[in-house]
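A.B. asks: Next one to model:
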Amino acid sequence: MTGASVAVPAHPQRIADLWFAHNEVLAMLGAADRIVVTVDRPANQPWLFRLNPQLSKARAVMPGTASAEALLADSVDLVFVSAGLTRAGSLREAGFPVLDMTFQDVGGLLRSVALTADVLNDSVARDRAASYKARLEADLEYFQKSLSSVSEDKKPRVLHVMSLSPLLVDGGETIIDQWIRYAGGRNAAGSLHGVKRPVTMEQIQVWDPDVIIIQGGVAVPNQGNAPAGWDALRAVREERVFANPVGVFPWDRYGSEFLLQLRWAGALLQPDLFGGYDLKGGMKVFYQTYFGRDVSDDEIGRMLAGQPPG
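C.D. replies: Purely as a prediction, here's the structure:
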């Protein structure tokens, strides 16, 4: 992803994936059973392990703690990292092929999927990557064309809240900002750049967003646990606060379920344009096509509610 050249095994079989988001990419491309070391855990990503039970055999490590000695003992032949979580220099010095998969936008997501498929070097990975690319590019074109006649003042101002305590929001130049805009909204925090930006309630009150989306897995505040000043916000008064769905990875962050996030957010922000889409049916097709798994109606309901598996 950085443009550096890395010599990799022709058919890697024992992978250490040390970036949370990239484990989903490997699973989507049919390689969950090749992951022998992971930073993910069932408690943090329960749907990842529900749909890919073979991942439970991998050794779990804390981010940034994987040592070269331990990876050698695990017979690892390929390592994926995010530079923000893992210092890869010592791993490279020990002879491991290390690929930094960090990306910030939807173009990076597509490059990550394509590069990973090339590295895995098998027909399942290449076919799924090609199918995913075609589907996502077609959807992006559809959303852009559908919104071409919608003026900016008809697009709701959306605040995406990553955490309530402390208050953290996602700003511009992020994949979160992109799905908000593709789905027909305006990022209320767009003047900030980057993810997980600290803000005050006073700043949120100045923005006074039309819609607030709470990151999947974070409980929507109620009268008993809401931050001071929360009830004064327009979105709260008008009951326009929503919990984001959660799947194999949080839909709203840096994962392949960006496809589903677009459809969910589009129906929420521009119901006249996108409200007719059968999201539940689309979810069944998505998880079967890209993860080879059938999901039940109950599982779909729990994902949409931001809840873990039953």
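A.B. asks: who's in contact with residue 302?
C.D. replies: Neighbouring residues of residue 302 by Cβ atoms under 8 Å, 6 or more residues apart in numbering: 308, 309, 310. (Glycine included, C-beta is placed from N, CA and C.)
A.B. asks: mind putting these in CSV, distance to residue 3 included?
C.D. replies: Formatted as CSV, the contacts of residue 302 follow (distance: Cβ to Cβ, whole Å):
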residue, distance to residue 3
308, 38
309, 39
310, 44
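A.B. asks: what ranges do the strands span in the protein?
C.D. replies: In the chain, the strands defined using DSSP state E lie at 15-17, 35-38, 59-60, 78-81, 98-100, 157-164, 167-169, 186-187, 197-198, 211-214, 241-243.
A.B. asks: what's the most buried one of those?
C.D. replies: strand 15-17 (a mean of 27; mean count of other Cβ atoms under 10 Å).
A.B. asks: Kindly reformat the strands of the chain as CSV containing mean pLDDT and distance to residue 180.
C.D. replies: Below are the strands of the chain laid out as CSV (pLDDT from 0 to 100; distance: least, Cβ to Cβ, whole Å):
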stretch, mean pLDDT, distance to residue 180
strand 15-17, 98, 28
strand 35-38, 98, 30
strand 59-60, 97, 33
strand 78-81, 98, 28
strand 98-100, 97, 27
strand 157-164, 96, 5
strand 167-169, 97, 12
strand 186-187, 98, 5
strand 197-198, 97, 15
strand 211-214, 98, 8
strand 241-243, 96, 13
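A.B. asks: could you dump these to a markdown table with distance to residue 52?
C.D. replies: Below are the strands of the chain laid out as a markdown table (distance: least, Cβ to Cβ, whole Å):
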| stretch | distance to residue 52 |
| --- | --- |
| strand 15-17 | 12 |
| strand 35-38 | 9 |
| strand 59-60 | 14 |
| strand 78-81 | 16 |
| strand 98-100 | 20 |
| strand 157-164 | 25 |
| strand 167-169 | 29 |
| strand 186-187 | 32 |
| strand 197-198 | 32 |
| strand 211-214 | 26 |
| strand 241-243 | 24 |
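A.B. asks: For residue 294, which of the ones you listed is the nearest?
C.D. replies: Of all the strands of the chain, the one in closest proximity to residue 294, counting by Cβ to Cβ, is strand 35-38 (22.1 Å).
A.B. asks: which neighbours does the closest one have in its sheet, and in what orientation?
C.D. replies: When pairing is defined by DSSP bridges, strand 35-38 lines up against strand 15-17 (parallel), strand 59-60 (parallel).
A.B. asks: which other helices and strands contact the helix or strand bottoming out on mean pLDDT in the chain?
C.D. replies: Ranked by mean pLDDT, DSSP states H and E, the weakest helix or strand in the chain is helix 89-93, scoring a mean of 94. For helix 89-93, the packing partners by 3 or more Cβ pairs under 8 Å, 6 or more residues apart in numbering; DSSP states H and E come out as helix 68-73.
A.B. asks: So what touches the helix it packs on?
C.D. replies: So helix 68-73 is contacted by 16, 37, 61, 79, 90, 91, 93, 94, 96 (Cβ under 8 Å, 6+ apart).
A.B. asks: so who does the fifth one touch?
C.D. replies: By Cβ under 8 Å, 6+ apart, the contact list for residue 90 reads 67, 68.
A.B. asks: what about it, distance to residue 182?
C.D. replies: 39 Å (Cβ to Cβ, to the nearest Å).
A.B. asks: go on, the second one?
C.D. replies: When distance is defined by Cβ to Cβ, residue 37 is 35 Å away from residue 182.
A.B. asks: now swap in the first one and tell me
C.D. replies: With distances defined as Cβ to Cβ, the gap from residue 16 to residue 182 amounts to 33 Å.
A.B. asks: do residue 12 as well
C.D. replies: Taken as Cβ to Cβ, the span from residue 12 to residue 182 is 33 Å.
A.B. asks: neighbour-wise, which of the two wins?
C.D. replies: residue 182 (22 against 18; other Cβ atoms under 10 Å).
A.B. asks: Not counting its neighbours along the chain, what's nearest that one?
C.D. replies: The spatial neighbour of residue 182 that comes closest, neighbours along the chain excluded (Cβ to Cβ, 6 or more residues apart in numbering), is residue 143 at 4.8 Å.
A.B. asks: Then residue 197?
C.D. replies: Nearest one to residue 197, counting by Cβ to Cβ, 6+ apart, is residue 171 at 5.1 Å.
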